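Peer 1: Any chance you could fold what I've pasted below:
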Amino acid sequence: MSLDAMGWVWKHSQARGNARVALLAVADQVRTPACEVRLSYADFQSALNVSRNTVRSAIREAIEL
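Peer 2: Have a look, this model is predicted:
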C-alpha cells in the first residue's frame, strides 16, 4: 500500500520541499486500503529532520495544495 501512496505523491503532488517530504512521510505509513495514517509531530520531526515549526509549516503548505 505505501508504495502506491508514495508513487502518487511522486507523480501527482505539486508540493515542493518540506511539504513534499511530509506527504512522502505520510504515504510511507499507509498500511490499509482505507489509507488512514496517524503521525505525531515527533514522528514528522524525525522523518523530516527539522524543527516543530518547520513541520507545522510543511503540513500547512501540503494541506493548502
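
Peer 1: Secondary structure element holding the closest residue to Ser13 other than its chain neighbours?
Peer 2: Setting aside the residues directly before and after it, Ser13 is nearest to Leu23 in space (C-beta to C-beta, 6 or more residues apart in numbering), at 5.7 Å. In this view, the C-beta of every residue, glycine as well, is placed from N, C-alpha and C. In this structure, Leu23 sits in helix 17-28 according to DSSP states H and E.

Peer 1: Please determine how far the residue of the chain positioned farthest from its centre is located from Asn49.
Peer 2: When distances are taken from the C-alpha mean of the chain, Pro33 lies farthest, 17.2 Å away, according to C-alpha atoms, centre = their mean. To Asn49, Pro33 is 30 Å away according to C-beta to C-beta, to the nearest Å.

Peer 1: hang on, the earlier thing: give the contact list for the residue nearest to Ser13.
Peer 2: Leu23 makes contacts with Val9, Ser13, Ala15, Ala62, as judged by C-beta atoms under 8 Å, 6 or more residues apart in numbering.

Peer 1: mind listing which of these are in helices?
Peer 2: Val9, Ala62 (DSSP state H).

Peer 1: Filter the contacts of Leu23 down to just the buried residues.
Peer 2: Buried members of the contacts of Leu23, counted by 16 or more other C-beta atoms under 10 Å: Val9, Ala15, Ala62.

Peer 1: export the residues you listed to a markdown table and tack on pLDDT and distance to Gln45?
Peer 2: Below are the buried ones among the contacts of Leu23 laid out as a markdown table (pLDDT from 0 to 100; distance: C-beta to C-beta, whole Å):
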| residue | pLDDT | distance to Gln45 |
| --- | --- | --- |
| Val9 | 95 | 19 |
| Ala15 | 95 | 18 |
| Ala62 | 94 | 15 |
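
Peer 1: Nearest to Asp28 among those?
Peer 2: Val9 (9.4 Å; C-beta to C-beta).

Peer 1: quick one on the thing from earlier: for the residue farthest from the centre of the chain, phi and psi?
Peer 2: Main-chain torsions, Pro33, degrees, to the nearest 10: phi -60, psi -20.

Peer 1: nearest residue to it other than its sequence neighbours?
Peer 2: Closest residue in space to Pro33, ignoring its immediate chain neighbours: Met1 at 6.9 Å, by C-beta to C-beta, 6+ apart.
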